[in-house]
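Peer 1: next come a sequence and a model predicted from it.
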Amino acid sequence: MRETRQLPPSTRPAPAVLVVEDDREQRETLCAMLDLEGFGHAEAANGREALDYLNESRTPCLVLLDVEMPVMNGMDFRVNQLADARLSRIPVVVVTANDEGVNKRFPGVEGFLWKPLRFEKLAAVLERLCDRKEKRLPAATAVIA
């Protein structure tokens, strides 16, 4: 795992967001949007990497979760997340282009963002779910490799 630390532009640390997306371009776009909003982030290319990250790192304020991924898809990630009392409290927003019954397959998530992603929709989710004033350690930008 390669990890770099960045301080956000403000003097207060920003809470981290975990981006779980197998498509590199989509993941980079999401992370660029998070950067613009001043949020640190970690990246995972599939659900297995995301669970490993969550078990080894501080708790993010939010998981942005793709549905279709190799190794472990979003649904399997969610089943494993909910089975762990510590991880089950982390809010999840599903990011997908496939809207066929996805809301029925992901009960209890905080919402859905539809691809192609609109910046203002992501900003609204961050505003609703991530407290910019929480006192946490400095946000990290991590790439799980």
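Peer 2: Right, received. Where do you want to start?
Peer 1: any idea how far apart the tips of stretch 64-73 sit?
Peer 2: Start to finish, the residues bounding stretch 64-73 are 13 Å apart (CA to CA, to the nearest Å).
Peer 1: quick one: average pLDDT of it?
Peer 2: If you average the pLDDT over stretch 64-73, you get 95.
Peer 1: ok, residue 53 touching residue 44?
Peer 2: Yes - Residue 53 lies in contact with residue 44 (CB atoms under 8 Å); the separation is 5.6 Å. For every residue, glycine as well, the C-beta is placed using N, CA and C.
Peer 1: those two: which is more packed in?
Peer 2: residue 44 (27 against 19; other CB atoms under 10 Å).
Peer 1: chain neighbours aside, what residue packs nearest to the more buried one?
Peer 2: Once flanking residues are discounted, residue 44 sits nearest to residue 50: 4.0 Å by CB to CB, 6 or more residues apart in numbering.
Peer 1: okay but the one you found is in contact with residue 18, surely?
Peer 2: Yes - contact criterion CB under 8 Å: residue 50 and residue 18 qualify, at 6.2 Å.
Peer 1: and for those two, which residues touch both?
Peer 2: 44, 63 (CB atoms under 8 Å, 6 or more residues apart in numbering).
Peer 1: looking at those two, which is more packed in?
Peer 2: Between residue 50 and residue 18, residue 50 has the larger neighbour count (other CB under 10 Å), namely 29 against 24.
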